[in-house]
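> Sharing a model that was predicted from the sequence below.
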Amino acid sequence: TDMKPQLTKIKATDAQFLIVYGAEAAVAIAVRQSKEMGLNIPVIGPPSLTLPGIMAVKELRDGLEGLYLAGFKPSVWEGLPDTDPMKKVSADLSKLIKEKYGVPLNDWHAQAYDPFVVMVNAIKLANPDPAKLEEARAKVRDALETGTKNYVGAISLMTITPTEHEGWTAEGGVQMVVPIQIKDGKFTIV
């Protein structure tokens, strides 16, 4: 709850920026305290600092003002160029989320959406017999490895192969993350 001793030491150096890392309120408090102490250097953090549980607390959210992060596109999809293939997916997903839940799209929705779509597509492609569980598992795995090519999602681009199961790619030079800064409580591409 108090990072002032560490921040005081940092303030006494010629540091050009501060990197904070974590996904909990303590890290957001450290960012806020750095500003309160007059540590006037850019602060860089991970997208996990913008989890809904942190952003829903006004004092934590306000303390993140000015934070830089390598963020995912769903949070800033409206600012993406129309040529970005991930923009349309995020726009469509944003509409669905807004209609169903009345909230704006965020990265965490997309992180659930993309793998779900990939898995549903693999199950459809495999058309397994659930009564033959071991065979069904193999068919779905094979469908994931052969049927997931150049998938364009809201947060990811994926090609899954027998040797590459994470699948994240930068197809055609399209990047999955963009430099973001929190300005006036909103995510903006910088």
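Arrived safely.

> the bottom helix or strand of this structure by mean pLDDT?
helix 52-55 (a mean of 84; mean pLDDT, DSSP states H and E).

> Tell me which residues of the following helix or strand past that helix come out buried.
Per DSSP states H and E, helix 52-55 leads on to helix 58-63 as the next helix or strand towards the C-terminus. Residues 60-61, 63 are the ones in helix 58-63 that count as buried (16 or more other Cβ atoms under 10 Å). All C-beta spots, glycine's among them, are computed from the backbone N, C-alpha and C.

> where exactly do the helices run in this structure?
Ranges of helices in the chain, per DSSP state H, are 4-11, 25-36, 52-55, 58-63, 85-101, 107-126, 133-147.

> Out of those helices, which is the most enclosed?
Mean neighbour count, computed with mean count of other Cβ atoms under 10 Å, is highest for helix 25-36 among the helices of the chain, reaching a mean of 19.

> how distant is that one from the center of its chain?
Chain-centre distance of helix 25-36: 21 Å, with Cα atoms, centre = their mean, to the nearest Å.

> List the contacts of the residue nearest to Tyr151 when sequence neighbours are not counted.
Nearest non-adjacent residue to Tyr151, counting by Cβ to Cβ, 6 or more residues apart in numbering: Met158, 4.2 Å away. Counting by Cβ atoms under 8 Å, 6 or more residues apart in numbering, Met158 touches 114, 118, 148, 150-151, 167-169.

> For Val43, grab the count of nearby residues.
Using other Cβ atoms under 10 Å, Val43 has 23 neighbouring residues.

> what is it paired to in the beta sheet?
Beta bridges link Val43 to Leu18, judged by DSSP bridges.

> That one touches Tyr21, doesn't it?
No - taking contacts as Cβ atoms under 8 Å, Val43 lies outside contact range of Tyr21: 11.1 Å.

> related to what we said a few turns ago, please export the alpha-carbon coordinates of the least confident helix or strand of the chain; CSV is fine.
Coordinates of each C-alpha in helix 52-55 appear next as CSV, following Å, rounded to 0.1, in the frame of the first residue of the first chain:
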residue,chain,number,x,y,z
PRO,A,52,-11.6,-4.1,-15.0
GLY,A,53,-11.2,-4.6,-11.3
ILE,A,54,-8.6,-1.8,-11.3
MET,A,55,-10.2,0.5,-13.8
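
> What helices and strands are in contact with it?
Packing contacts for helix 52-55, counted by 3 or more Cβ pairs under 8 Å, 6 or more residues apart in numbering; DSSP states H and E, involve helix 25-36, helix 58-63.
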